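Asks: Build me a model from this:
(2 chains)
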Amino acid sequence: MKSENNKFLVKLDNTGVFQNNKWLVKGVSLEVERGKIVTLIGPNGSGKTTTAKIALGLYKNIQGKVEKFTKKIGYVPQKISIDWTLPIRVLDFMLLTQNLSDDEINTALNLTGVEHLKNNNLRNLSGGEFQRVLIARAIAKKPDLLVLDEPVQGVDFKGEIALYELIKTISDKLNCGILLISHDLHVVMSATDYVVCLNGHVCCSGTPQAVANDNKYKELFGDRASTILSVYEHNHDHTHSPDGSIKRKQ
Amino acid sequence: MFDDFFIRALIAGLGVALVTGPLGCFVIWRRLSFFGDTLSHSALLGVTLAVSFDINIAFSVFIISSAVALILLKLQKTTNLPGDALLGLLAHSSLAVGLVAIGFLSFIRFDIMGLLFGDILSVTKNDLIIIWVGGAIILFVLKLIWKPLFASTVNYELADAEGMRPERVNAIFTILMAAIIAISIKMIGLLLITGMLIIPAAMARNISNNPKQMVLFSIIGGLLSVVIGLFGSLEINSPSGPSIITAGLILFILSLIKIKRLSQLNN
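Replies: Predicted structure coming up:
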């Protein structure tokens, strides 16, 4: 029983949040396993971030049950604003919730391509650079569970692909589970193991293939969305490097 | 050496500045200056209690300020009033209740001015012990909770998600605020304690680029303010608390010049 539990990092059982007289999200069940990427998709206000926060245990009063099987968690929130009153460099931010050696800091920043910004002030970074720092911070200590809430927002197109590949590599290499929120259906449909489509409740879920063919998914995202999978898979054959390296492809 | 009232005041002031330096940084980072005001206003009630029941002032102020802080946390959860309205409510009502209570104590002559603005003459050897021992405890606890407190200052949910238990450290920090007000009220006076917390830290913000540096400069700024302020007050016979705060203000203005220079260099 115990060893089977170890496979799971977090389990949500029929969870929901009721706040200010309305349901932010309800009836969500999902589980994140080691080495697997679970993606939440859905329109704005469909409860993606709420679901991620349920998984992280950020709500005091929820319906249903959440079980967490690890304490080593890395979190990239959807939004962080750094106040002017707080002077903080990338270096200080990396050490926010963890103790890291210089090597660990450099490696993590190097992976997301922002090592040169180590001594810069957090407020002086661009949106994309800041996201890269957020990801570097979350992966630096090799967590068991990564929760990424739109981790590549504001990152340039080329960087976006590289970062998603990095995320995929991390999940394979560290054998950690990833709960991902993404608007990029291309990526969701190609690089993830399990998709949960939300619209205040679980609209449909399953493998990317199954979700793409689901009528509810088509209703929510339109007909064109379901063709994404095939389009992507075509591209995928031609651009995937055989060693699965995370270097940017030209 | 401790027999001289001025030396006592100086040692007391330096002890206070060592503690207000780092705490003041958090007050600025977390936008708690009005919260500091509220706690220190409520200190008047604590002083009244101390006099009526003949207990130590620092102790009773600590109890009352902590109680007010806890009431505030409770009110924030149970009412829909905005935070600043709640703070105003507690600050002014506890000040008023404190003044009414003083009215009942007509048999004792109260040095209201000393209470509001601090009085170097009133610092005793006993107060020195309270300031330095209390201050050491505050700094020790702050050191222990530094990481989770700083993390939850930067982003509460991030800290919560990664196991930093922000609610607990926030409560501890609130108690530390009550404690610094309790040990410094005699020295600075209840109307000016928040100034001692904020002004050196604000000065430090102008000239630092990382959190530890800001804490260091804030401490140095506080120490300098105490030395300059106290010697100045001796020279021109001004009240001690306001002189220390004025010295801090001068340092702050000087730090603005540095900022101007820096931005010119960048252009």
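Asks: Point out where the chain drops to low pLDDT.
Replies: Picking chain A for this. For chain A, the stretches flagged by pLDDT under 70 are A:1-6, A:226-250.
Asks: meant chain B actually
Replies: In chain B, residues with pLDDT under 70: B:1-3, B:260, B:262-267.
Asks: just the helices in it please.
Replies: For chain B, the helices defined by DSSP state H occupy B:5-29, B:33-53, B:57-78, B:83-104, B:112-117, B:125-154, B:156-161, B:166-188, B:193-207, B:211-236, B:240-266.
Asks: between these, which one is nearest to chain A?
Replies: With Cβ to the nearest Cβ as the measure, helix B:156-161 is the member of the helices of chain B nearest chain A (4.0 Å). The way it works is simple: take the backbone N, C-alpha and C, and place the C-beta from them, glycine included.
Asks: Next, the buried residues of that closest one.
Replies: Neighbour-count burial for helix B:156-161, with 16 or more other Cβ atoms under 10 Å in any protein chain shown as criterion, is recorded at B:156, B:157, B:158, B:159, B:160, B:161.
Asks: Flag every residue of chain A that's near chain B.
Replies: Taking Cβ under 8 Å from any Cβ of the partner chain as the contact definition, chain A meets chain B at A:53, A:56-58, A:71, A:73-75, A:77, A:80, A:82-83, A:85-89, A:91-93, A:96-98, A:121, A:147.
Asks: Provide a list of residues in contact with the residue nearest to residue B:94 when sequence neighbours are not counted.
Replies: Using Cβ to Cβ, 6 or more residues apart in numbering or on different chains and skipping residues adjacent in sequence, the residue nearest residue B:94 is residue B:42, 3.7 Å away. With contact set as Cβ atoms under 8 Å, 6 or more residues apart in numbering or on different chains, residue B:42 has these partners: B:64, B:65, B:68, B:90, B:91, B:94, B:95, B:98.
Asks: and which of those is nearest residue B:26?
Replies: Ranked by distance to residue B:26 (Cβ to Cβ), the contacts of residue B:42 are led by residue B:65 at 16.3 Å.
Asks: who are the neighbours in contact with the closest one?
Replies: Taking Cβ under 8 Å, 6+ apart, we find residue B:65 in contact with B:39, B:40, B:42, B:43, B:46, B:177, B:178, B:181, B:182.
Asks: And the strands in chain A?
Replies: A:8-19, A:22-33, A:37-41, A:63-68, A:73-76, A:145-149, A:177-181, A:194-198, A:202-206 (DSSP state E).
Asks: Dump the ones you listed to CSV, plus mean neighbour count.
Replies: Converted to CSV, those look like this (neighbours: other Cβ atoms under 10 Å in any protein chain shown):
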stretch, mean neighbour count
strand A:8-19, 18
strand A:22-33, 19
strand A:37-41, 26
strand A:63-68, 14
strand A:73-76, 26
strand A:145-149, 24
strand A:177-181, 26
strand A:194-198, 23
strand A:202-206, 19
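Asks: give me the subset of the buried residues of helix B:156-161 touching chain A.
Replies: Within the buried residues of helix B:156-161, those near chain A by Cβ under 8 Å from any Cβ are B:157, B:158, B:159, B:160, B:161.
Asks: Take those residues and write them to a markdown table, including distance to residue B:254.
Replies: Output for these, formatted as a markdown table (distance: Cβ to Cβ, whole Å):
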| residue | distance to residue B:254 |
| --- | --- |
| B:157 | 38 |
| B:158 | 36 |
| B:159 | 35 |
| B:160 | 39 |
| B:161 | 41 |
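Asks: Can you pull the residues of the stretch 101-250 of chain B lying near chain A?
Replies: B:147-148, B:150-151, B:153-155, B:157-164, B:205, B:208-214.
Asks: Name only those of those residues that count as buried.
Replies: By 16+ other Cβ under 10 Å, those give B:147-148, B:150-151, B:153-155, B:157-162, B:164, B:205, B:208, B:210-211, B:214 as buried.
Asks: List the contacts of the most far-flung residue of chain A relative to its centre.
Replies: Distance from the C-alpha centroid of chain A peaks at residue A:85, with 29.5 Å (Cα atoms, centre = their mean). Residue A:85 makes contact with B:28, B:29, B:31, B:205, according to Cβ under 8 Å, 6+ apart.
Asks: Identify the residue nearest residue A:155 in space, chain neighbours excluded?
Replies: In space, residue A:155 is closest to residue A:128, 4.2 Å off (Cβ to Cβ, 6+ apart).
Asks: The one you found contacts residue A:156, doesn't it?
Replies: Yes. Using Cβ atoms under 8 Å, residue A:128 is in contact with residue A:156, at 6.0 Å.
Asks: which one of those two has more residues nearby?
Replies: residue A:128 (18 against 11; other Cβ atoms under 10 Å in any protein chain shown).
Asks: quick one: the more buried one from chain B, how far?
Replies: Residue A:128 sits 19 Å away from chain B when distances are taken as Cβ to the nearest Cβ, to the nearest Å.
Asks: Look up how far residue B:34 lies from that residue.
Replies: Going from residue A:128 to residue B:34 by Cβ to Cβ, to the nearest Å gives 36 Å.
Asks: again, but for residue B:28
Replies: In terms of Cβ to Cβ, residue B:28 sits 12 Å off from residue B:34.
Asks: Can I get the buried residues of helix B:156-161 in a markdown table including distance to residue B:196?
Replies: Output for these, formatted as a markdown table (distance: Cβ to Cβ, whole Å):
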| residue | distance to residue B:196 |
| --- | --- |
| B:156 | 27 |
| B:157 | 32 |
| B:158 | 31 |
| B:159 | 28 |
| B:160 | 31 |
| B:161 | 35 |
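Asks: can you count the residues close to residue 109?
Replies: By default, I'm working from chain A. 23.
Asks: nope, chain B please
Replies: 7.
Asks: Phi first, then psi, for it.
Replies: phi -80, psi 120 (degrees, to the nearest 10).
Asks: give me the number of residues near residue 62?
Replies: Looking at chain A here, since you left the chain open. Residue A:62, neighbours per other Cβ under 10 Å, totals 22.
Asks: that's the wrong chain, I meant chain B
Replies: For residue B:62, the neighbour count with other Cβ under 10 Å is 22.
Asks: can you pull the contacts of it?
Replies: Contacts for residue B:62 were tallied using Cβ under 8 Å, 6+ apart; they are B:46, B:178, B:179, B:181, B:182.
Asks: and the third one, what does it touch?
Replies: To tie it back to what came earlier, the one meant is residue B:179. Residue B:179 neighbours (Cβ under 8 Å, 6+ apart): B:62, B:134, B:137, B:138.
Asks: before we move on, what about the fourth one?
Replies: Contact criterion Cβ under 8 Å, 6+ apart gives B:36, B:39, B:40, B:43, B:61, B:62, B:65, B:190, B:193 as the residues in contact with residue B:181.
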